[in-house]
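Q: Give me coordinates for this.
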Amino acid sequence: MNLLKEYKNLYDHWLEEFQNEELTVLSQNIFTNYKKFLEFIKNFEVKEKNEIKKEIIETYKQNVKFLFDDLLKMREIKIINYALTLEELDIDSLFEAEKLFFQNLIASIKGFQKVKSLSIYEDDKIFTFPEIKSVINEENLEDDETNPIENNMQETLHDEIIEEKSEMHEQISYKMIRFIKNTPALVGIDLLNYGPFKKEDIANIPQENAKILVNEKVAEFIKID
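A: Down below sits the predicted model:
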């Protein structure tokens, strides 16, 4: 590995990200290369008993870690800003984990805006959705008659959420994976919670999430004949 070349590539990328408001391109391949470089540097040791060399290498390690971490932090802030303004973003400029992060942000923000748009204000008082009860009694019937707006709002919101989830599930492919490490819970691109998982657990999760877990070497695909 050419350490000087790899360091220059990382530094130039960090500088470009720092100087521009727009997101730079950080594909999965580029991200993987940076990560390999970081791991190589972290595990690099000077075998000679030369304190000066050791100090130089230690400083080098710290610089590489700072550049890598700061690059990701800057990108995270930019991605959040893109999502908050619902601004169009070239998804191909992101690596896999960033794509998932951006898609989840967009889904959450759009969902919040939809709920907010269905809220009704009267005299600065917000009408809240009534609690759903499994047993219908006379009091419930009276509520239905006296609060038709609230009931309609609840039905509309429920129908839209069900319809949206149904469409989302039809468009998402799922993959069966086996976990090779203990893994914390995660949110799928279908907005469902998965996990936490223990080593050897098997799960059927969205393909995009599965790819990320396999790339991170915490899981492996299961081939179904």
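
Q: now the residue nearest the centre of the chain, what's its secondary structure?
A: Most central in the chain under Cα atoms, centre = their mean is residue 101, positioned 2.4 Å from the mean C-alpha point. Secondary structure state of residue 101, per DSSP: H, G, I helix; E, B strand; the rest coil, is helix.

Q: in which helix or strand would I find the closest residue to it other than its chain neighbours?
A: Excluding the flanking residues, the one nearest residue 101 by Cβ to Cβ, 6 or more residues apart in numbering is residue 79, at 6.3 Å. Where C-beta positions appear, they are placed from N, C-alpha and C, glycine not excepted. If you go by DSSP states H and E, residue 79 is part of helix 51-84.

Q: how about the helices of this protein, start to end?
A: Applying DSSP state H to the chain gives helices spanning 3-19, 28-43, 51-84, 96-117, 138-146, 148-171, 207-215.

Q: Pick the most deeply packed of the ones you listed.
A: helix 207-215 (a mean of 19; mean count of other Cβ atoms under 10 Å).

Q: chain center to it: distance?
A: Mean-position distance between helix 207-215 and its chain equals 12 Å (Cα atoms, centre = their mean, to the nearest Å).

Q: and if you look at stretch 14-27?
A: Taking Cα atoms, centre = their mean, one finds stretch 14-27 lying 19 Å from the centre of the chain it belongs to.

Q: Low-confidence stretches in this protein?
A: 112-170, 225 (pLDDT under 70).

Q: Apply 90 and report the result again.
A: Regions of the chain meeting the criterion pLDDT under 90 cover residues 1-4, 21, 41-61, 82-89, 91, 100, 102-173, 183-196, 206-217, 223-225.

Q: Touching, the residue nearest to residue 101 and residue 104? I think so.
A: No - taking contacts as Cβ atoms under 8 Å, residue 79 lies outside contact range of residue 104: 10.7 Å.

Q: Can you give me the domain assignment for this protein?
A: Taking automatic domain parsing as the criterion, the chain consists of the domains 3-96, 118-170, 173-221.

Q: Mind putting these into CSV with distance to residue 110?
A: Formatted as CSV, the domains of the chain follow (distance: least, Cβ to Cβ, whole Å):
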stretch, distance to residue 110
domain 3-96, 8
domain 118-170, 9
domain 173-221, 11
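
Q: how about those domains, which one is nearest residue 109?
A: The closest of these to residue 109 is domain 3-96. By Cβ to Cβ, the value is 5.9 Å.

Q: Who's the closest spatial neighbour of residue 22, skipping the chain neighbours?
A: residue 78 (7.9 Å).

Q: returning to what we had before: closest one to residue 180 among the helices of the chain?
A: Ranking the helices of the chain by proximity to residue 180 (Cβ to Cβ) places helix 207-215 first, at 9.6 Å.

Q: which residues touch that closest one?
A: Contacting residues not belonging to helix 207-215 are listed as 28, 32, 96-97, 99-100, 172-175, 177, 179, 183, 186, 188-189, 194, 205, 219-221 [Cβ atoms under 8 Å, 6 or more residues apart in numbering].

Q: switch to 10 Å and redo it
A: 28, 31-32, 35, 95-97, 99-100, 103, 172-177, 179-181, 183, 186-190, 194, 197, 203-206, 218-222 (Cβ atoms under 10 Å, 6 or more residues apart in numbering).

Q: how close does the closest residue to residue 218 other than its chain neighbours sit to residue 221?
A: The spatial neighbour of residue 218 that comes closest, neighbours along the chain excluded (Cβ to Cβ, 6+ apart), is residue 181 at 4.5 Å. Distance of residue 181 to residue 221, given as Cβ to Cβ, to the nearest Å: 15 Å.
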